[in-house]
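Asks: Pasted the sequence and its predicted model underneath.
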Amino acid sequence: MDEDELKVVRIEAFFTPTQATPVIVCYLEDDRQFVLYHILPEIIIAINKLLGVGDYSEHFGHGRETLYDVLSSINELRDTLSEKISRVVIDQLYPDLGVFSATLELRFDGVIIEKKMVPSHAIYLALLADKPIYVRKNLIDSQQSENT
C-alpha cells in the first residue's frame with residue numbers, strides 16, 4: 001500500500017431509496033467514505049450476491065443469470081483470479097467526463113501488469129478474488145470538499 005492510498009475496509013452497494021440511483025459506498029480505514037454513483041444495476045446486484053446481502057431477483061433478471069453470476073459460480077476461475085490479482089486502486093478522476101478510473105494490478109511470474117478499469121467492475125473482481133481495494137487520498141479529499 002502506498003501512503004497516498006487508504007484501504008477500503010467494507011463495501012456497501014445499493015439503490016438509493018428516493019431515486020433508485022445505484023451507489024457503491026467504500027468505507028475507508030480512516031472512517032471516511034468514498035462514494036461511486038450511477039453504477040450499472042447488474043454490478044450492484046452482483047456485489048450484493050457476493051457479499052450475501054440483498055435480493056433483487058424479483059425486480060431484475062426474472063430468473064436469468066448474468067455474466068457476473070457465471071463468473072462467481074466457477075471455483076477454478078475464482079482461484080485463478082485470486083492467484084493473478086494483487087489489488088485494486090481507485091486512482092483517477094476524469095473531470096471532463098465526471099467519472100473515476102481504477103487500476104487492477106495483475107501478477108504474472110513476478111511481473112505486474114496494470115489494467116485501467118471501470119471502478120465498479122474492478123471492485124467486483126477484487127471481491128470475487130478476495131483482494132484488497134484502495135482509494136487515492138486526493139480523490140477522497142476532493143470528493144469530501146465538494147460535499148461540504
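Replies: Here it is on my side, so go on.
Asks: Can you point out the buried residues in the worst-scoring helix or strand of the chain on mean pLDDT?
Replies: Least confident helix or strand of the chain, by mean pLDDT, DSSP states H and E, is helix 67-73 with a mean of 89. Going by neighbour count (16 or more other C-beta atoms under 10 Å), the buried part of helix 67-73 is 68, 71-72. In this view, the C-beta of every residue, glycine as well, is placed from N, C-alpha and C.
Asks: can you pull out the strands in this protein?
Replies: Using DSSP state E, the strands assigned to the chain run over residues 5-15, 22-28, 33-37, 85-94, 99-108, 111-117, 133-136.
Asks: which residue of the protein sits farthest from its center?
Replies: Asp109 (25.4 Å; C-alpha atoms, centre = their mean).
Asks: Which residues are in contact with the spatially most central residue of the chain?
Replies: When C-alpha atoms, centre = their mean is applied to the chain, the residue found nearest the centroid is Ile123 (2.2 Å). Shown in contact with Ile123 (C-beta atoms under 8 Å, 6 or more residues apart in numbering): 11, 24, 26, 43, 47, 88, 102, 133.
Asks: May I have the predicted confidence score for the residue nearest to the second one when sequence neighbours are not counted?
Replies: By that I understand Ile24. In space, and not counting its chain neighbours, Ile24 is closest to Leu36: 4.4 Å by C-beta to C-beta, 6 or more residues apart in numbering. Per-residue confidence (pLDDT) for Leu36: 97.
Asks: Show me which of the buried residues of helix 67-73 is closest to Arg78.
Replies: Of all the buried residues of helix 67-73, Ser72 has the smallest distance to Arg78: 7.1 Å, by C-beta to C-beta.
Asks: Now tell me what touches stretch 88-103 from outside.
Replies: 5, 26, 34, 36, 104-105, 114-119, 122-123, 125-126, 131-136, 139, 142.
Asks: Relative to the whole chain's centre, how far out is it?
Replies: For stretch 88-103, the separation from the chain centroid amounts to 12 Å (computed by C-alpha atoms, centre = their mean, to the nearest Å).
Asks: Just the buried positions in it, please.
Replies: 88-91, 93, 100-103.
Asks: State the mean pLDDT of that stretch.
Replies: For stretch 88-103, mean pLDDT is 95.
Asks: just the CA coordinates of that stretch, formatted as PDB?
Replies: Below are the C-alpha coordinates for stretch 88-103, written out as PDB (Å, rounded to 0.1, in the frame of the first residue of the first chain):
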ATOM      1  CA  VAL A  88      -7.400  -2.700  -7.000                       C
ATOM      2  CA  VAL A  89      -6.700   1.100  -6.600                       C
ATOM      3  CA  ILE A  90      -9.300   3.700  -7.500                       C
ATOM      4  CA  ASP A  91      -6.800   6.300  -8.600                       C
ATOM      5  CA  GLN A  92      -8.100   8.700 -11.200                       C
ATOM      6  CA  LEU A  93     -10.900  11.200 -11.900                       C
ATOM      7  CA  TYR A  94     -11.600  12.300 -15.500                       C
ATOM      8  CA  PRO A  95     -13.200  15.700 -14.600                       C
ATOM      9  CA  ASP A  96     -14.400  16.400 -18.200                       C
ATOM     10  CA  LEU A  97     -16.400  13.200 -18.000                       C
ATOM     11  CA  GLY A  98     -17.100  13.200 -14.300                       C
ATOM     12  CA  VAL A  99     -16.000   9.500 -14.000                       C
ATOM     13  CA  PHE A 100     -13.400   7.700 -12.000                       C
ATOM     14  CA  SER A 101     -11.000   5.100 -13.100                       C
ATOM     15  CA  ALA A 102      -9.400   2.200 -11.200                       C
ATOM     16  CA  THR A 103      -6.200   0.200 -11.700                       C
END
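Asks: No more questions from me, cheers.
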